[in-house]
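no sequence on hand, only this structure:
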């Protein structure tokens, strides 16, 4: 058959790339044939039909086979087959770096062969550019071992202005890092992981290294410690000295305030953990002689019982929390001294003495049980709890804040871990979580002892020693048996939930927050020096690793507030807002006028930082900051705008002073403060029904202070000023369309406009919007909004993956919130409070509903 192409005898240089690639692939798949060397071989290589072979008979088969001689006679064929397989594999269309999994790929990996695993290193070296290969192959002069810098000294020199976590090097290889709160923390993974991280928190498990949180230890008499905490903690909800927390079986989630300044000077959230009281609560004394000898049981007073309590706070609030607790301790000791009592309270900073890992998701319990191997424990409650870990489908079925203390073996001995499967029992049996209850016995742990933590500060055996012991096993992969010299590490396990408190107390039919997903998991606390051994085992179970962005997303998806970005009127929020303002303003200034939004033309009064004092009416807005656009007026072309026209003055945000609230009122200063707490539903219901809400708010706050044995607020504090400066946190849900962004503007809705919006929404649902009777949603959204109608700002906004729509968290004045409730009653709109949302770089306003967060 004639060839398809007549001129197919071109040189190799004239062939196209596709043809050369085809020739290369064909040559790589060709198996070499042994050349003929004699007449016997030529005679045997003749073509023709082969002789028939009978398989039903043993005739013609040798009685014995010499394997060595048979292999030698077929050596050429075996080598040819092996070389052909290697050539075919080496000539594949994938490069060496393309054969790596996604989590092993690195930026600029093609420039360094040593970053490729050893099995693919030869292939990667062959694929490199010859010039580059020659440059990398140059032998550099070897430096003397004495002149080489010490690696430990090098790493410590890089931590002069910041602190590294024990897992820093692991995170630095896989995540974007940034300096935050004095630490070098992981922000987000380098690979695309936003949606996978959300799926892991909802359906799997995700781990976050939270060792940067600060821990403050207080040691002293129990009654004085309770007085200190009552004077600094939130007056709403349970007290830190409640019986359920004093037994150390649960953790209290509360907020720290300045000493005796509630509800002003909010510092930030805090977790309070009591140490199990080792001393008996009663003492037995004998009285009398002989048979008349009687035994008297005398309860031990709380003034003589020495207790220890840990307070875990955010790193941005460490200094403020120290000052508040120190001031409260001094006042409590002075009071005890005046009563003729000699007492002492010790305060210690336990930063960097623990490694804390937050494991969230339905599979968090299986991850804990697969990675940790407890030491034989004689406690029956712990055996029940450890058995139930493989039977519960979520940590949310465990009592909130439950504390479990136990001791585990070195996790490197049982590496790699294996996750147990969930054992779901079928039948009318009780849930495993209902058989285990928080108790002081279950919360006991040696982690509270300072001498134990100091002994375990440095592991006795390195990873090299553990690997040498593992290499001596006859069966590879067999777990090592714990020897007597191996370390036993005490740990604390605390149940953690990220959920909206309004879900369990509000009517699901009235609140759209009930559709958000609550996330549950565990907080694992291990001693210093054991961060990487535990972290390696936990990550090997298949759980994802998250940074600051993933931790913030968990709170956003659960419909909760996140500190500090959602807590205005705090020092931590002011620092966060100032840093964000500088970054966004620099980004805006780097762009030309045609490529950036003209905030003056858009009517955005404060584009980079919320002016809370202006919203509350404590300050007047800048005259040139806003441009009131008339309805129907065309927007002018974008022009360059100077920063003085749109940037609010530095005094727009409130600045906290060190003096207490009464002194600030005497000086005539009004400062914004955040109203929140567990009693918010009762407070709102009581205050909103009064003719004078300001007086009702003051009375309710004084009642809350009285429960903690605090004096009422100073007489110079006016109820009207207190109500005017109050902010509340709200969740915002767009009614239909729209996705609010950060720093979006919240507008109030007048009654006439609200009726139009409600009519348009009703027509849209009933498919009557095409009739053209009255304004529709599009016409209403394009109506201009006056800057005087601004009632708040969005602190966190975006698209919620759990809701499937836009969602936002913001803050509005408490007085405006009460007005919205009255408006809903006038419009007979139930509990749906209406507002309008506008992104700072847009002109369209969307209708949204507001729910109270606390």
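That came through fine. Fair warning: this is a prediction, and the values are worked out from it, not measured in the lab.

not counting sequence-adjacent ones, nearest residue to residue 742?
Using Cβ to Cβ, 6 or more residues apart in numbering and skipping the chain neighbours, the partner closest in space to residue 742 is residue 797 (5.4 Å). Heads up, the C-betas are built off the backbone N, CA and C, glycines and all.

what are the contacting residues of the helix or strand the one you found falls within?
Residue 797 belongs to strand 790-800 when assigned by DSSP states H and E. For strand 790-800, contacts defined as Cβ atoms under 8 Å, 6 or more residues apart in numbering pick out 516, 552, 556-557, 562, 565-566, 568, 605, 610, 612, 615, 730, 732, 739-748, 805-813, 816, 835, 837.

drop anything exposed from those residues.
Neighbour counting over the contacts of strand 790-800 (16 or more other Cβ atoms under 10 Å) leaves 516, 552, 556-557, 562, 565-566, 568, 605, 610, 612, 615, 730, 732, 739-748, 805-813, 816, 835, 837 as the buried ones.

ok, back up a step: list the neighbouring strands of the strand holding residue 797 plus their orientation.
When pairing is defined by DSSP bridges, strand 790-800 lines up against strand 745-747 (antiparallel), strand 805-813 (antiparallel).

now do the longest one: distance to the chain's middle.
To tie it back to what came earlier, the one meant is strand 805-813. Distance of strand 805-813 from the chain centroid (Cα atoms, centre = their mean, to the nearest Å) equals 20 Å.

and what of stretch 801-818?
Centroid separation for stretch 801-818 versus its chain: 21 Å, with Cα atoms, centre = their mean.

so for that stretch, mean pLDDT?
Averaged over stretch 801-818, pLDDT sits at 95.

same deal with stretch 608-618?
Mean per-residue pLDDT for stretch 608-618: 94.

now the end-to-end length of that stretch.
One end of stretch 608-618 to the other measures 20 Å (Cα to Cα, to the nearest Å).

ok, now how distant is the residue nearest to residue 742 from residue 840?
In this view, residue 797 and residue 840 are 11 Å apart by Cβ to Cβ, to the nearest Å.

thinking again about what came up before, just give me the neighbour total for the residue nearest to residue 742.
When neighbours are defined as other Cβ atoms under 10 Å, residue 797 has 23 of them.

could you check the pLDDT of it?
Looking at residue 797, the pLDDT reads 95.

can you pull up the bridge partners for it?
Assigned bridge partners for residue 797, using DSSP bridges, are residue 808.

ok, then the element right after the helix or strand encompassing residue 756?
If you go by DSSP H and E, residue 756 is part of helix 751-765. As assigned by DSSP H and E, the chain's next helix or strand after helix 751-765 is helix 777-781.

tell me what that following helix is packed against?
Helix 777-781 sits against helix 751-765, strand 846-853, with contacts defined as 3 or more Cβ pairs under 8 Å, 6 or more residues apart in numbering; DSSP states H and E.

most centrally placed residue in this structure?
By Cα atoms, centre = their mean, the mean C-alpha position of the chain lies nearest to residue 551, the distance being 1.8 Å.

is it true that it touches residue 206?
No. Residue 551 is beyond contact range of residue 206, at 9.1 Å (criterion: Cβ atoms under 8 Å).

for the residue nearest to the centre of the chain, grab phi and psi.
Backbone dihedrals for residue 551, given as degrees, to the nearest 10, come out at phi -70, psi -40.

residues contacting it?
By Cβ under 8 Å, 6+ apart, the neighbours of residue 551 are 208, 210, 358.

let's see it at 6 Å
Residue 551 makes contacts with residue 208, as judged by Cβ atoms under 6 Å, 6 or more residues apart in numbering.

give me the pLDDT for it.
Predicted confidence (pLDDT) for residue 551: 96.

ok, residue 507 next?
47.

same question, the one 4 residues further on
Turning to residue 511, the model gives it a pLDDT of 50.

and what of residue 834?
What the model reports as pLDDT for residue 834 is 93.

that one reaches residue 754, doesn't it?
Yes. With contact defined as Cβ atoms under 6 Å, residue 834 reaches residue 754; the gap is 5.3 Å.

does residue 344 count as helix, strand or coil?
Assigned with DSSP: H, G, I helix; E, B strand; the rest coil, residue 344 falls in the coil class.

if you skip the residues just before and after it, what's nearest to it?
residue 220 (6.3 Å).

which element is that neighbour on?
Using DSSP H and E, residue 220 falls in strand 214-221.

tell me what that strand is packed against?
For strand 214-221, the packing partners by 3 or more Cβ pairs under 6 Å, 6 or more residues apart in numbering; DSSP states H and E come out as strand 306-313, strand 346-349.

so what does the longest one touch, helix or strand wise?
Packing contacts for strand 306-313, counted by 3+ Cβ pairs under 6 Å, 6+ apart, involve strand 214-221, helix 222-232, strand 266-274.

now do that strand: distance to the chain's middle.
With Cα atoms, centre = their mean, you get 24 Å for strand 306-313.

so what touches it?
Contacts to strand 306-313, defined as Cβ under 6 Å, 6+ apart, come from residues 213-219, 222, 225, 270-275, 321.

among these, which pair sits farthest apart?
The most widely separated members of these, counting by Cβ to Cβ, are 213 and 222 (25.0 Å).

picking up where we left off before, report how many residues lie close to the residue nearest to residue 344.
Neighbourhood size, residue 220 [other Cβ under 10 Å]: 20.

name whatever forms a beta bridge with it.
For residue 220, the beta-bridge partners are residue 307 (DSSP bridges).

wait, isn't it in contact with residue 345?
Yes. Residue 220 sits in contact with residue 345 when judged by Cβ under 6 Å, with a separation of 3.6 Å.

pLDDT weak spots in the stretch 301-450 of the chain?
Where the stretch 301-450 of the chain drops to pLDDT under 70, the residues are 301-302, 423-434.

if we go to 90?
Scanning the stretch 301-450 of the chain for pLDDT under 90 picks out 301-305, 339-343, 377-380, 387-394, 397, 416-437.

show me where it has helices.
For the stretch 301-450 of the chain, the helices defined by DSSP state H, counting those that start in this stretch cover 318-338, 364-371, 380-388, 450-455.

hmm, back to that, just the buried positions in the helix holding residue 756, please.
753, 754, 756, 757, 758, 760, 761, 763.

same deal with stretch 452-461?
452, 453, 456, 459, 461.

which of the helices and strands packed on strand 214-221 is buried the deepest?
Of all those, strand 306-313 has the most neighbours on average by mean count of other Cβ atoms under 10 Å, namely a mean of 22.

between that strand and strand 266-274, how many degrees?
140 degrees (axes from the mean of the first three to the mean of the last three Cα atoms, to 10 degrees).

and the angle from strand 306-313 to strand 214-221?
When the same axes, to 10 degrees is applied, the directions of strand 306-313 and strand 214-221 differ by 160 degrees.

tell me the average confidence for stretch 164-178?
In this model, stretch 164-178 has a mean pLDDT of 95.

now for that stretch, what's the gap between its first and last residues?
11 Å.

check the offset of that stretch from the chain's centre.
Counting by Cα atoms, centre = their mean, stretch 164-178 is centred 15 Å from the centre of its parent chain.

buried ones in that stretch, by neighbour count?
Neighbour count says stretch 164-178 has 164, 165, 166, 167, 168, 170, 171, 175, 177 buried, by 16+ other Cβ under 10 Å.

need the contact list for the second one.
Counting by Cβ under 6 Å, 6+ apart, residue 165 makes contact with 209, 211.

next one: the third one
With Cβ under 6 Å, 6+ apart as the criterion, the residues that contact residue 166 are 531, 532.

in a helix, it, correct?
No. Under three-state DSSP, residue 166 falls outside any helix and is assigned coil.
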